[in-house]
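A.B. asks: the amino acid sequence is not available; the structure is as follows:
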């Protein structure tokens, strides 16, 4: 039991958040789930340079192309108000050239520094969930989460006003030799469609695969 050390992980992004519990040899470890982490948003260079459509494209053009053109090898100081104002003004000029609205100083800061918006209520909820799981593990006062809790306060899940969270088993999207946990899947939702879609996204044994897909309609 000395080697079985639970780990609790939580994070938020805007109105979305998650809390999860890792139990060695019982469920997927953190390294097994690295493939499930969200990918960083990137834009094609051709889109930025030739056909910008979003305010983010204008900001990217200003600090990737314009900055190097005017400042050479000088590195952009993202903590300098002067440097960030220069990028914002260049992005604003490009947005006006292409008739794109929405370029603000705050947006410029967010794109350049990759700032993720934080909502206090979401952070409080996920923090409370992590603390609650720690209390369960330490005192055995109740069953721990089984084993992933996801909160979507803006889009709802499963799109009903009374339920904005879902719990499901983590799968081994990137199994590693030292992690011998078994694959399990559970989705607590009010409708059958999300559960079927979850099964279709994973490679299941033949005995568990859906025999007919006609149960899911577009």
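C.D. replies: Yep, it's here. Bear in mind that the values here come from a model prediction, so they are computed numbers and not experimental data.
A.B. asks: check what pLDDT residue 217 gets.
C.D. replies: Looking at residue 217, its pLDDT stands at 41.
A.B. asks: next up, the contacts around residue 53.
C.D. replies: The contact partners of residue 53, taken as C-beta atoms under 8 Å, 6 or more residues apart in numbering, are 47, 100. C-betas here are computed from N, CA, C, even on glycine.
A.B. asks: looks to me like it is in a strand.
C.D. replies: No: using DSSP: H, G, I helix; E, B strand; the rest coil, the secondary structure at residue 53 is coil, not a strand.
A.B. asks: how near is it to residue 95?
C.D. replies: Relative to residue 95, residue 53 is positioned 11 Å away (C-beta to C-beta, to the nearest Å).
A.B. asks: residue 51 too?
C.D. replies: In terms of C-beta to C-beta, residue 51 sits 14 Å off from residue 95.
A.B. asks: neighbour-wise, which of these two wins?
C.D. replies: Neighbour totals were compared for residue 51 and residue 95, and residue 95 leads with 21 against 10 (other C-beta atoms under 10 Å).
A.B. asks: from residue 148, how far out is that one?
C.D. replies: Using C-beta to C-beta, residue 95 is found at 40 Å from residue 148.
A.B. asks: what do you get for residue 68?
C.D. replies: Counting by C-beta to C-beta, the gap from residue 68 to residue 148 is 42 Å.
A.B. asks: more neighbours: which of these two?
C.D. replies: Neighbour count, other C-beta under 10 Å: between residue 68 and residue 148, residue 148 has more, with 22 against 12.
A.B. asks: just say helix, strand or coil for the closest residue in space to that one that isn't next to it in sequence.
C.D. replies: The shortest distance from residue 148 to any non-neighbouring residue, by C-beta to C-beta, 6 or more residues apart in numbering, is to residue 20 (4.4 Å). Following three-state DSSP, the label given to residue 20 is strand.
A.B. asks: which residues does residue 20 form a beta bridge with?
C.D. replies: Beta bridges link residue 20 to residue 9, residue 148, judged by DSSP bridges.
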